[in-house]
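> prediction below, plus the sequence it came from.
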Amino acid sequence: MNTQSKEKLVIFDTTLRDGEQSPGASMTKDEKVRIAKALEKLRVDVIEAGFAISSQGDFEAIQAIANTVTDSRICSLSRAVRGDIERAAEALKGANAGRIHTFIATSPIHMKHKLQMEPDQVLEQAVGAVKIARSLIDDVEFSLEDASRTEFDFMCRITEAVINAGARTINLPDTVGYSDPGEYGAMIKRLLNTVPNADKAIFSVHCHNDLGLAVANSLAAVQNGARQVECTINGLGERAGNASLEELVMAVRTRKDVFPVETRIETQHIVPTSRLVSGITGFPVQPNKAIVGANAFAHESGIHQDGILKFRETYEIMKAEDVGWTTNKLSLGKLSGRAALSSRLEELGIKFDSKEEFNDVFVRFKALADKKREIFDEDLAGAGF
Ligand SMILES: [Zn+2]
């Protein structure tokens, strides 16, 4: 095991902002506060709570979260314009620690077709926005939207200029999920080596999963010097979603020999947080989803089961309880009878109207127990018993 001292990797969760942009995932203010509290318990460093100017609802949700959460820094997104930035600052007033995250697109395709601006105008607006934000709050993050398709020389110029203007975090999103890990990692490394004041800021990544590479791209960036990752619970987010928090955190923790960083995430709260987000958004977690899927720690094949029973590490690289699967799982399994199942379900608050209904449940339980070595409370709750 590698015992060298590790650098801190900042976990920036954007479930409440980018995650909410998943079509159909909108949340009420109270639901957002509940999720924010769960993220705080998980010990997320920064919670992006919303986009203050986008709606009154978003503004109030950010305000409520800023007034409630104390252990995580609360962030609002804003475009690089004064009105947005001032609205973000206002929403964050009650925060113990706040951050304004301002952005502008920097790729030729976005500057030409979306912004209809020349690069020099974009640079000037970016610097102006960071200065306004810094006059209102001391922690400012700047994002070069569509960074992975931005010309490298322009990326360097704008990065240097916004750091000089006071940005403390520079985020280089793969906005359209187009990068591959080798290319993206190399881009981060080259940028860090080229920008003269790169040591004055933390470099961050925000990857989308259009090609299924969001986590791989983020981790490649971490290996090349990025020290903040933007991510969401269950990988929620625009289109195919963002990098998944649980996968990033557990990759870094499980492969300490590979990643030179550590997080402060209390991993035992991962599964409950995943369930909460899934319940509130109505987005189910696919059974084979890494870490938080119902089958993530299930062993189907007899050979695997035999190996696991003899020595867990034969087929398991993580412990289910370390990510929050409940530990009283041994109480139920293949050999459990009706009484054990019925009392456990009762403890979980699951009741039956008739004996026939319970008989049906027992048959399904046995079928599940045949497939899984351990039956977790979450399996019972999630299987519709
Ligand atoms: Zn995004």
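Nice, I can see it.
> going forward, measure contacts between C-alpha atoms and count neighbours the same way
OK.
> what about residue 141, which SS state?
strand (DSSP: H, G, I helix; E, B strand; the rest coil).
> for it, give the beta-bridge partners.
residue 101, residue 169 (DSSP bridges).
> and residue 307, how many residues sit next to it?
16 (other C-alpha atoms under 10 Å).
> and the gap between it and residue 291?
Distance, residue 307 to residue 291, using C-alpha to C-alpha, to the nearest Å: 20 Å.
> try residue 56
Separation of residue 56 from residue 291 (C-alpha to C-alpha): 35 Å.
> name the residue in these two with the higher neighbour count.
Each of residue 56 and residue 291 has its neighbours counted (other C-alpha under 10 Å); residue 291 has more, 22 against 11.
> for residue 266, see how far away residue 124 is.
Residue 124 is 41 Å from residue 266, by C-alpha to C-alpha.
> of the two, which one has the most company?
Using other C-alpha under 10 Å, the more surrounded residue of residue 124 and residue 266 is residue 266, with 17 against 13.
> my read: that one touches residue 42, true?
Yes: if you go by C-alpha atoms under 8 Å, residue 266 and residue 42 touch, sitting 5.1 Å apart.
> low pLDDT regions in this structure?
Low-confidence segments of the chain (pLDDT under 70): 1-4, 299-302, 304-305, 327-332, 373-374, 381-385.
> now the strands for the stretch 201-350 of the chain?
Along the stretch 201-350 of the chain, counting by DSSP state E, counting those that start in this stretch, strands occupy 202-206, 228-231, 261-262.
> tell me which of these sits nearest to residue 314.
Nearest of those to residue 314, taken as C-alpha to C-alpha: strand 261-262 at 25.5 Å.
> now do the helices in the protein.
Counting by DSSP state H, one finds helices in the chain at the ranges 29-42, 56-68, 82-91, 108-110, 119-136, 152-164, 181-194, 214-223, 245-254, 270-281, 302-310, 338-347, 355-371, 377-382.
> out of the ones you listed, which is closest to residue 206?
helix 214-223 (7.3 Å).
> who's in contact with that closest one?
Residues from elsewhere that reach helix 214-223 (C-alpha atoms under 8 Å, 6 or more residues apart in numbering): 177, 179-182, 184-186, 188-189, 205-209, 228-229, 242-244, 247-248, 259-260.
> what's the angle between it and helix 181-194?
30 degrees (axes from the mean of the first three to the mean of the last three C-alpha atoms, to 10 degrees).
> can you mark which positions in helix 214-223 are buried?
For helix 214-223, a neighbour-count test (16 or more other C-alpha atoms under 10 Å) marks 214, 215, 216, 217, 218, 219, 220, 221, 222, 223 as buried.
> give the burial count for residue 252, as a bare number.
19.
> close enough to count as contact, it and residue 262?
Yes: the pair residue 252 / residue 262 is scored as a contact, 6.8 Å apart, by C-alpha under 8 Å.
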